[in-house]
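>>> Below is the structure, and that's it, no one-letter string:
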């Protein structure tokens, strides 16, 4: 726990409900959430993204998390996290920035909610991997396991997914 605020990363492959879940959890726990910065960044650059853009996204995502933590009420929910940037680099470019790798190991979260791929993939111009969801999910799970990070897989659609996440948080943090 940092500054009496628990950081909870909502992570996983694209189109698994991360944004909706982070928002719903923040509403339920009456706190703040950090939106996925990649969407804002990619909309702003007006070109195809490149390898170095992922580093810029990662750095701003962490900065946004740190700012949100100062305004949080017990929890800050992070829609995506450094794990997303690490896997994105490795999957797309077969390499990853040293800074991202260091942050993956050293920027701590109190819990990772790994969103299951049990939701249907939905088209979005920024999404690329409709057919690699199982492979990507395995990469996320293996990355979290390899560092012994505290995580739980969150499944179910709609309010069931949210209730499952709430139950895990209440159990982990004795609420």
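Received the coordinates, thanks. Being a predicted model, the structure only gives us computed values, none of them experimental.
>>> For the rest of this, base every contact and every neighbour count on C-alpha atoms.
Noted.
>>> Tell me where this structure has helices.
18-28, 37-45, 51-69, 82-93, 98-106, 133-146, 159-172 (DSSP state H).
>>> got those as TSV, with distance to residue 153 and mean pLDDT columns?
As requested, those are exported to TSV (distance: least, C-alpha to C-alpha, whole Å; pLDDT from 0 to 100):
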stretch	distance to residue 153	mean pLDDT
helix 18-28	12	96
helix 37-45	23	93
helix 51-69	22	97
helix 82-93	15	96
helix 98-106	19	96
helix 133-146	9	96
helix 159-172	9	96
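>>> Can you say which of those is nearest to residue 112?
Closest of these to residue 112 is helix 133-146, at 8.3 Å (criterion: C-alpha to C-alpha).
>>> what's the angle between the closest one and helix 98-106?
60 degrees (axes from the mean of the first three to the mean of the last three C-alpha atoms, to 10 degrees).
>>> What is helix 133-146 packed up against?
Packing contacts for helix 133-146, counted by 3 or more C-alpha pairs under 8 Å, 6 or more residues apart in numbering; DSSP states H and E, involve helix 82-93.
>>> I'd like the distance between the most centrally placed residue in the chain and residue 106.
Among the residues of the chain, the one closest to the centroid is residue 80, at 2.0 Å (C-alpha atoms, centre = their mean). Separation of residue 80 from residue 106 (C-alpha to C-alpha, to the nearest Å): 16 Å.
>>> Now do the nearest residue to residue 175 once chain neighbours are set aside: how many residues are near it, please.
The shortest distance from residue 175 to any non-neighbouring residue, by C-alpha to C-alpha, 6 or more residues apart in numbering, is to residue 169 (7.9 Å). Look at residue 169: counted by other C-alpha atoms under 10 Å, it has 17 neighbours.
>>> now do residue 117
Neighbours of residue 117 (other C-alpha under 10 Å): 21.
>>> close enough to count as contact, it and residue 131?
No. Between residue 117 and residue 131 there is no contact under C-alpha atoms under 8 Å: 11.4 Å.
>>> and the nearest residue to residue 127 once chain neighbours are set aside, what does it touch?
Excluding the flanking residues, the one nearest residue 127 by C-alpha to C-alpha, 6+ apart is residue 14, at 6.7 Å. Residue 14 makes contact with 121, 127, 129, 133, according to C-alpha atoms under 8 Å, 6 or more residues apart in numbering.
>>> Now do the phi/psi pair for residue 14.
phi -60, psi 150 (degrees, to the nearest 10).
>>> What pLDDT does the model give residue 2?
According to the prediction, residue 2 has pLDDT 46.
>>> Going forward, count from 26.
Noted, 26 is the first residue going forward, which turns the last one into residue 27.
>>> which residues does residue 36 bridge with?
Beta-bridge pairing for residue 36 (DSSP bridges): residue 139.
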